[in-house]
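>>> Generate coordinates for the sequence data below:
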Amino acid sequence: MTPAIDALKKAGIQYKLHEYSHDAQAPSYGEEAANCLNVEAERVFKTLVISGDINDNSKQLAIAIVPVSHQLDLKAVAKSLKTKKTCMAEVTAAQNATGYILGGISPLGQKKRLPFTLDSSAEQYGTIFVSGGKRGLEIELDPRDLSKLCSATTADIKAN
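Numbering: from 1, shown residues only. Below is the predicted model:
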């Protein structure tokens, strides 16, 4: 059990777990998940931790979730968070804030509640896949449930 699964159970949200054997040599955790689960990469979303002057708080962290088939548009996510500039958070800061290790950062059950933006492409699917809180574990759930549980805003934040 991971904090992500505990959060879903506590909230009474329906989900499906998908496990696969993680290859430590895989170049991309998200693409590995898509391939192992035989799911199109546009439905598998990666959880990225970013840093910026969010809510006038210098170096505050936030969460951005985009399909593994795309990169994050840092300018677009900055705009969605109403700040001028964002950058990727340092690995240690991301792991400390979320309680998860890189490659297993789930948007659910994090240690700290952070501002959260979900790419709007998630809305076109009945279900999407996000990390279950460890490498080799994906959670399939309705993106509306994810948004509700994480108090997410939705915006077009993927790079085209």
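>>> do you know how far Pro67 is from Leu48?
Separation of Pro67 from Leu48 (C-beta to C-beta, to the nearest Å) stands at 11 Å. To be clear about C-beta, it is placed using only N, CA and C from the backbone, and glycine gets the same treatment.
>>> Gly132 too?
Distance, Gly132 to Leu48, using C-beta to C-beta: 16 Å.
>>> Ala93 too?
Relative to Leu48, Ala93 is positioned 12 Å away (C-beta to C-beta).
>>> Mind checking which of the two has more residues around it?
A direct count of neighbours by other C-beta atoms under 10 Å for Ala93 and Leu48 places Leu48 higher, at 21 against 13.
>>> Was I right to think the more buried one contacts Ile63?
Yes. Applying C-beta atoms under 8 Å, one finds Leu48 in contact with Ile63, separated by 7.1 Å.
>>> Break down the protein into its strands, ranges please.
Assigned by DSSP state E, the strands in the chain fall at 16-19, 45-54, 57-67, 86-88, 116-119, 128-131, 137-141, 153-155.
>>> Return the residues in contact with the spatially most central residue of the chain.
Centrality entry for the chain: nearest residue to the mean C-alpha point is Thr47, 2.3 Å, by C-alpha atoms, centre = their mean. Contacts here follow C-beta atoms under 8 Å, 6 or more residues apart in numbering; on that basis Thr47 touches 63-65, 98, 105-107, 130-131.
>>> and what of His18?
Per C-beta under 8 Å, 6+ apart, neighbours of His18: 37, 129, 137-140.
>>> Output the residues you listed in TSV; the columns should cover distance to Ala152, neighbour count and pLDDT.
Below are those laid out as TSV (distance: C-beta to C-beta, whole Å; neighbours: other C-beta atoms under 10 Å; pLDDT from 0 to 100):
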residue	distance to Ala152	neighbour count	pLDDT
Leu37	23	16	93
Phe129	16	25	97
Leu137	21	19	94
Glu138	18	24	95
Ile139	15	24	97
Glu140	17	19	97
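>>> which one of those residues sits closest to Lys59?
Ile139 (29.3 Å; C-beta to C-beta).
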